[in-house]
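Visitor: Provided below are the primary sequence and the corresponding predicted coordinates.
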Amino acid sequence: MERKTIDEFEVAGRKLRKAIAGLEKKELLWIPPPGAGIGRWSIQQVVLHLMDDELIWSGRMKMMIAEDNPQVVGFDESKFAASLCSEEQDAELAVRILDMNRRQFAVVLRKLPESGFRRTARHNDLGVITLGQSVQWTNEHLDHHILYIMMKRDRLGKPPKD
Amino acid sequence: MDRTIIDKYEAGGAKLQRGLAGLTSEELLWSPPADAGVGKWTIQEIAIHLMDSDLIWSTRMKSIIAEDHPTILSFDEGKFAASLFYADQNALAAADLFDLNRHQFAKVLRKLPDSTFARTGNHSERGSISLEQVVQLVVGHVDHHLGFISRKRDKMGKPLKD
């Protein structure tokens, strides 16, 4: 695995912080109209989804490193978004949690030899996955959702500042 | 349900931060002699174990709330401590991340009706476990390890301050 993937993993929290900078609470909670083609979640729901997903994936990656080909189970992201009181949570706090978790876990990833990234887990939906793939996916997953945040911001008339 | 358990859950991060306060990195990494009766882990290992464990338990609680009797797979804490470069991670950052995650998840717990705390997951080793039991378990988990931190601190002449 290319080591710059770990650098990208580590800076993702900053990217997400920048993506939601300057938004007011009501903008974070704005639900796009159906058919707008910019996703169905509020920006706050996207951020909380990223935090939840982050903590689940980092738990799985720790298991892959520490245990031999462990079993891991998928989760229902729609049920999470619907059941976990997303309006009551704090989007800024979610970004801080994601950011701190990535910085802390990047220390572990940097210490691993190349062979460590070939370690695997058995995922009940995805089949056999490697640690290297997992790091790559979590990076791509964040970029995917940041794209939707940008589309929602455009629609709100609040494009991010450079 | 006694809802003061949620206050105790939220206060766990500050307890852990107090447990580490004022220690040098040398003290955080001090390995007690085998016969000292204060546990075998360093204080840093305890702090990072608590972070790893708490982040995983919070994702499990989310599954219990959002899904129906989800499968919860155990992890091997000894292998985590042996494989995840605990001596290279940052214990204070681990305590801060633990604290922020508890503050965020306490917002969810406070919004839930009592009936939700009777929801269950199916733990691979413990069997059926309710959300209320999990909250009690993780509150007790911090207190258990803080007892050991306190004894280690006494042994090195740096007692916990009230």
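Guide: Looks like it arrived, so ask away. Quick caveat: nothing in here was measured; it's all calculated off a predicted structure.

Visitor: Let me know the pLDDT of residue A:162.
Guide: Here the pLDDT value assigned to residue A:162 is 67.

Visitor: Repeat that for residue A:3.
Guide: For residue A:3, pLDDT reads 89.

Visitor: what about the residue lying closest to it once chain neighbours are set aside, which helix or strand?
Guide: Nearest residue to residue A:3, sequence neighbours excluded (C-beta to C-beta, 6 or more residues apart in numbering or on different chains): residue A:110, at 7.9 Å. Where C-beta positions appear, they are placed from N, C-alpha and C, glycine not excepted. Secondary structure assignment for residue A:110, by DSSP states H and E: helix A:91-111.

Visitor: so after that helix, what's the next helix or strand?
Guide: Next in sequence after helix A:91-111, counting helices and strands by DSSP H and E, comes strand A:120-123.

Visitor: Could you report the neighbour count for the residue nearest to residue A:3?
Guide: Counted with other C-beta atoms under 10 Å in any protein chain shown, the neighbours of residue A:110 add up to 14.

Visitor: Going along the chain, name the helices of the chain.
Guide: Went with chain A since none was named. Along chain A, the stretches classed as helices by DSSP state H are A:4-20, A:25-28, A:43-66, A:77-83, A:91-111, A:131-156.

Visitor: To clarify, I was referring to chain B.
Guide: Taking DSSP H, the helices of chain B run over residues B:4-20, B:25-28, B:43-66, B:77-83, B:91-111, B:131-155.

Visitor: highest average neighbour count across these?
Guide: helix B:43-66 (a mean of 23; mean count of other C-beta atoms under 10 Å in any protein chain shown).

Visitor: Is that one positioned near chain A?
Guide: Yes. With C-beta under 8 Å from any C-beta of the partner chain as the criterion, chain A is reached by helix B:43-66 at B:51, B:52, B:55, B:56, B:58, B:59, B:62, B:63, B:65, B:66.

Visitor: again, but for stretch B:16-33
Guide: No. Remark: stretch B:16-33 sits outside contact range of chain A, by C-beta under 8 Å from any C-beta, the gap being at least 13.7 Å.

Visitor: now what about that stretch, what contacts it?
Guide: For stretch B:16-33, contacts defined as C-beta atoms under 8 Å, 6 or more residues apart in numbering or on different chains pick out B:38-40, B:42-44, B:47, B:50, B:87, B:91-92, B:95-96, B:98-99, B:142, B:146, B:149-150, B:152-153, B:155-156, B:158, B:160-161.
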